[in-house]
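>>> Fold the stuff below for me.
(2 chains)
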Amino acid sequence: MTATARDTAGDEQALVASARAGDTAAFERLYREHVGHVYGLCLRMTGQPAAAEDLTQDTFVSAWRGLAGFEGRSAFGTWLHRIAVNAVLARSRSPQGRGETSLTDEEGGQMDFADTEDMEIATPIDLERAIATLPAGARQVMVLHGVYGYSHEEAAGMLGVAVGTCKAQLHRARRLLRERMRAEDGP
Amino acid sequence: MTTIPFGREPRERDPLLAQAATLPREIQPERDLWPGIAARLERTGNRRWQPRWPMALAAGLAIATVSALLTGGLLQEPDGAPGPMLAGEPAAAIVPVRYGPNSGLGPDQLQARDELLRQFEARLAELGPETRATVLRNLEIIQRAADEIDAALAEDPGSGLLTGLLLNAFQQELDLYSRVVTSGGAPIRRT
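Here you go, the predicted model:
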């Protein structure tokens, strides 16, 4: 860990300690530091800006209330991500979030990379837009694993599904992304 | 000696995953969300650890098991099975889920529920004791969730997530009644 990273981590620990003691100004600084990550995660997992705003607010309110239970074993940002994912999942099971595909909808099998080797790299905007069109289960795994870099084990744990389900959803996500991005390119 | 690229991370091999990993991890919301958060924190006051919220979340998520439990019970019920209740045997009273003052459910919604409840009670009397017990257990799960969510809503009435969870509990209750009513092929009329 670099000196700068150590300082940053130390600053964050101090802010968390202050917030835990009831200092809302310290908590606001934590919010400013992490809101982009949390909102980005919620937006990509739901595909809906208004829902992502609600979920971001719920995540920070829930974090404030649960600060006493945050033991610092993981980074504060990772802890926030877990709260956000729980909130997204709860919403997807609520009437507002209905109509999205279930994570238990398994499809696909072994990972197969042969047909993507020659694929032209899409622009980030194309890919971002295509991810937003994925069914919920495939999108959530693609976001956690593909964009945010969580391992299959970590993503499966956050989503409450089996590792095999997580891999199958990623396989499905990749297949759908290829189809949709080729369709956008035209014949 | 060549090195076989065995065990390379899938995201290194797949251009799509490699591209996804370069997407910015931060996206700023279009408006400042802090004022709304601060207002909700202020309503919370200095109560530091509120066990209600996570309990409500867990209870709300637990409702997802209701459908699976019920489906198993109904599938085992013989088609057209005779009423299992022996003469004079007292049946456990069916108490519909009670929603607290923070639920926001309107009289129209509760009236529609009560109409469905009457069909549900008639059909339930025809089902076997195990299925009946499963149904009652499901109602208890929904009741616990409704209680937890209502208590959490009392502390945080602005939460769209909690409101959504409570509506989900209500919907699950209606689905439970509907599935029982239609389990014998009986028509169902919902208003």
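
>>> Give the buried residues for the helix ranked longest in chain B.
For chain B, the longest helix by residue count, based on DSSP state H, is helix B:129-155. Using 16 or more other Cβ atoms under 10 Å in any protein chain shown as the burial criterion, the residues of helix B:129-155 that qualify are B:131-132, B:134-135, B:138-139, B:141-153, B:155. No exception for glycine: its C-beta is placed from N, CA and C like everyone else's.

>>> repeat for stretch B:169-186
Counting neighbours by 16+ other Cβ under 10 Å, stretch B:169-186 gives B:169-174, B:176-177, B:179-181, B:183 as buried.

>>> Including pLDDT and secondary structure, could those go into JSON lines?
JSON lines is the format used below for these (pLDDT from 0 to 100; DSSP: H, G, I helix; E, B strand; the rest coil):
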{"residue": "B:A169", "pLDDT": "84", "secondary structure": "helix"}
{"residue": "B:F170", "pLDDT": "86", "secondary structure": "helix"}
{"residue": "B:Q171", "pLDDT": "84", "secondary structure": "helix"}
{"residue": "B:Q172", "pLDDT": "83", "secondary structure": "helix"}
{"residue": "B:E173", "pLDDT": "87", "secondary structure": "helix"}
{"residue": "B:L174", "pLDDT": "87", "secondary structure": "helix"}
{"residue": "B:L176", "pLDDT": "85", "secondary structure": "helix"}
{"residue": "B:Y177", "pLDDT": "86", "secondary structure": "helix"}
{"residue": "B:R179", "pLDDT": "83", "secondary structure": "helix"}
{"residue": "B:V180", "pLDDT": "84", "secondary structure": "helix"}
{"residue": "B:V181", "pLDDT": "84", "secondary structure": "helix"}
{"residue": "B:S183", "pLDDT": "75", "secondary structure": "coil"}
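
>>> residues contacting A:A17?
For A:A17, no residue meets the contact criterion (Cβ atoms under 8 Å, 6 or more residues apart in numbering or on different chains).

>>> scratch that, A:R174 is what I was asking about
So A:R174 contacts A:116, A:142, B:14, B:16-17 (Cβ under 8 Å, 6+ apart).

>>> where in chain B is pLDDT low?
Applying pLDDT under 70 to chain B flags residues B:1-12, B:44-54, B:57, B:60-93, B:184-191.

>>> could I have the helix or strand harbouring A:R178 exported to CSV, CA atoms only?
Here A:R178 sits within helix A:163-185, counting by DSSP states H and E. Listed next in CSV are the C-alpha coordinates belonging to helix A:163-185 (Å, rounded to 0.1, in the frame of the first residue of the first chain):
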residue,chain,number,x,y,z
VAL,A,163,-21.6,-19.7,-8.1
GLY,A,164,-22.8,-21.8,-11.0
THR,A,165,-25.8,-19.6,-11.4
CYS,A,166,-23.6,-16.6,-11.5
LYS,A,167,-21.4,-18.1,-14.2
ALA,A,168,-24.4,-19.1,-16.2
GLN,A,169,-25.8,-15.6,-16.0
LEU,A,170,-22.5,-14.1,-17.2
HIS,A,171,-22.5,-16.5,-20.1
ARG,A,172,-26.0,-15.4,-20.9
ALA,A,173,-25.1,-11.7,-20.6
ARG,A,174,-22.1,-12.1,-22.9
ARG,A,175,-24.2,-13.9,-25.5
LEU,A,176,-27.0,-11.3,-25.4
LEU,A,177,-24.5,-8.4,-25.5
ARG,A,178,-22.8,-9.8,-28.6
GLU,A,179,-26.2,-10.2,-30.3
ARG,A,180,-27.4,-6.8,-29.4
MET,A,181,-24.2,-5.0,-30.3
ARG,A,182,-24.0,-6.7,-33.6
ALA,A,183,-27.7,-5.8,-34.3
GLU,A,184,-26.8,-2.2,-33.6
ASP,A,185,-23.9,-2.4,-36.0
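
>>> so what's the residue nearest the centre of chain A up against?
For chain A, the residue nearest the mean C-alpha position is A:L41 (4.0 Å; Cα atoms, centre = their mean). For A:L41, the contact set (Cβ under 8 Å, 6+ apart) comprises A:81, A:84-85, A:88, A:143, A:148.

>>> let's go with 7 Å and repeat that
A:81, A:84, A:143, A:148 (Cβ atoms under 7 Å, 6 or more residues apart in numbering or on different chains).
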